[in-house]
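*Asks:* Can you look at this prediction? I've put the sequence above it.
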Amino acid sequence: MRPAIPFALSAVVASTLLLAGCGSQNVASGSPATSGSPTCTPSTPVGDAGALKRDNVTIVSPGCRTSSASAAEFEVTNAESEPFTYTVTLNLLNDAGEVMDSIPQTVASVAPGQTVRHTVNAGDTGRTGTSAVGARVRIAKVRAVPSAEAPVAAGTCPPSGIRVTADEVDAAMGLRAVGLHLTNCGTGAYSVNGYPQFQFLDQDRKPVTGIRTSHGTDAIATGIVPDAPPKPVTLQPGESASATLAWRNTTGAGDPVDIPYVRVSAKPGAPTVIVTPELDLGTTGAVGVSAWQKP
């Protein structure tokens with residue numbers, strides 16, 4: 001499934017970085033670079049100076065490499081008062097400025113006031129057969145959430161024993177849908193009975209009011225998922241339940257509303273997780289959600 005909002009090349013001034021490798025230099029995420037071969041000339045970020053830094057993320061020179069593999073680097077600075085986890089999406093461009101691929105990179109638990117350097121290897125590109133040699137990179141999007149509410153990585157389990165995650169958005173003809181998943185990764189049974197709980201957050205993670213939430217997705221469009229009424233669901237360790245959040249990006253009178261973040265909890269009083277479904281609600285101001293159901 002592809003993201004809901006395609007990245008418009010013509011609308012953005014590219015902040016780009018030529019991927020190159022030469023000489024000898026070792027760089028680790030979160031560590032300063034050491035000096036390399038005196039014969040090496042590190043490549044330099046090019047593009048609009050104001051676009052090379054975005055939302056406390058800065059593209060930096062990749063420097064020189066001990067191998068011929070291309071690599072890019074960026075720095076994340078946490079200006080908040082608590083640890084934050086950053087997801088930085090980079091666009092991989094060809095010489096014509098066309099997007100060949102998007103590379104999401106997660107930098108977890110950056111401490112307040114800390115600057116962490118993160119290396120992106122050419123092999124991190126997600127599209128099979130895409131070559132990063134001689135390509136350029138620009139920052140497409142930065143999302144940051146408090147680490148205490150960040151979705152946990154695959155294969156790990158939070159202290160609550162309950163993992164909440166979101167799929168990428170499925171978009172078709174202005175209709176949007178994203179799957180939410182609740183997994184019991186703990187040691188005891190976990191029960192829910194009803195709908196996921198939401199708080200909608202803007203770019204600065206401030207609450208957005210005035211959004212109408214319908215129980216069931218038929219109010220948005222019929223046939224998205226079976227709109228079954230809520231019923232008790234008990235998850236044994238290793239079991240999962242799913243729900244669907246749906247909306248339309250129809251634009252009429254008024255200002256379009258975009259909501260990048262959604263704070264989700266499995267039920268009232270449960271721990272919260274902030275996911276990034278990128279709700280482009282247009283001027284509808286409405287979402288629908290289905291009840292938790294086992295597959």
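*Replies:* Yes, it's here. Owing to the predicted nature of the structure, the values given are computational and were not obtained by experimental measurement.

*Asks:* Please count neighbours and contacts with C-alpha atoms only from this point.
*Replies:* OK.

*Asks:* Over stretch 231-251, what's the mean pLDDT, rounded is fine.
*Replies:* Mean per-residue pLDDT for stretch 231-251: 96.

*Asks:* How far does it stretch from one end to the other?
*Replies:* End-to-end distance of stretch 231-251 (Cα to Cα, to the nearest Å): 35 Å.

*Asks:* Return the set of buried residues in that stretch.
*Replies:* Within stretch 231-251, the residues that qualify as buried are 233-237, 239-249, counting by 16 or more other Cα atoms under 10 Å.

*Asks:* Now flag whichever of those residues is closest to Ala177.
*Replies:* The closest of the buried residues of stretch 231-251 to Ala177 turns out to be Ala246 (Cα to Cα; 4.3 Å).

*Asks:* you'd agree the closest one is in a helix?
*Replies:* No - per DSSP: H, G, I helix; E, B strand; the rest coil, Ala246 lies outside any helix segment and is strand.

*Asks:* My guess is it contacts Ala177. True?
*Replies:* Yes - using Cα atoms under 8 Å, Ala246 is in contact with Ala177, at 4.3 Å.

*Asks:* partner residues bridging Gln197?
*Replies:* For Gln197, the beta-bridge partners are Ser265 (DSSP bridges).

*Asks:* burial count for it?
*Replies:* For Gln197, the count of nearby residues is 16 (other Cα atoms under 10 Å).

*Asks:* where's it relative to Ala270, distance?
*Replies:* Distance of Gln197 to Ala270, given as Cα to Cα: 9 Å.

*Asks:* Give the residues shared as contacts by those two.
*Replies:* The contact sets of Gln197 and Ala270 do not overlap (Cα atoms under 8 Å, 6 or more residues apart in numbering).

*Asks:* Could you count how many residues lie near Gly252?
*Replies:* When neighbours are defined as other Cα under 10 Å, Gly252 has 10 of them.

*Asks:* That one: which element?
*Replies:* Element membership for Gly252, per DSSP states H and E: none, as it lies in no helix or strand.

*Asks:* Does it touch Thr283 like I think?
*Replies:* Yes - using Cα under 8 Å, Gly252 is in contact with Thr283, at 5.9 Å.

*Asks:* Show me the shaky parts of the stretch 101-250 of the chain.
*Replies:* Low-confidence segments of the stretch 101-250 of the chain (pLDDT under 70): 121-135, 173.

*Asks:* The same query, at a cut-off of 80, please.
*Replies:* Applying pLDDT under 80 to the stretch 101-250 of the chain flags residues 120-137, 171-173.

*Asks:* packing partners for the helix or strand Gln199 falls within?
*Replies:* Using DSSP H and E, Gln199 maps to strand 197-201. Counting contacts by 3 or more Cα pairs under 8 Å, 6 or more residues apart in numbering; DSSP states H and E, strand 197-201 is packed against strand 261-265.

*Asks:* Tell me which helix or strand comes right after the strand it packs on.
*Replies:* Using DSSP H and E, the helix or strand that follows strand 261-265 in sequence is strand 272-275.

*Asks:* Check which strands are paired with the next helix or strand after that following strand and give the direction for each one.
*Replies:* Counting by DSSP H and E, the element after strand 272-275 in chain order, helix or strand, is strand 279-282. Here strand 279-282 has these sheet partners by DSSP bridges: strand 257-259 (antiparallel).
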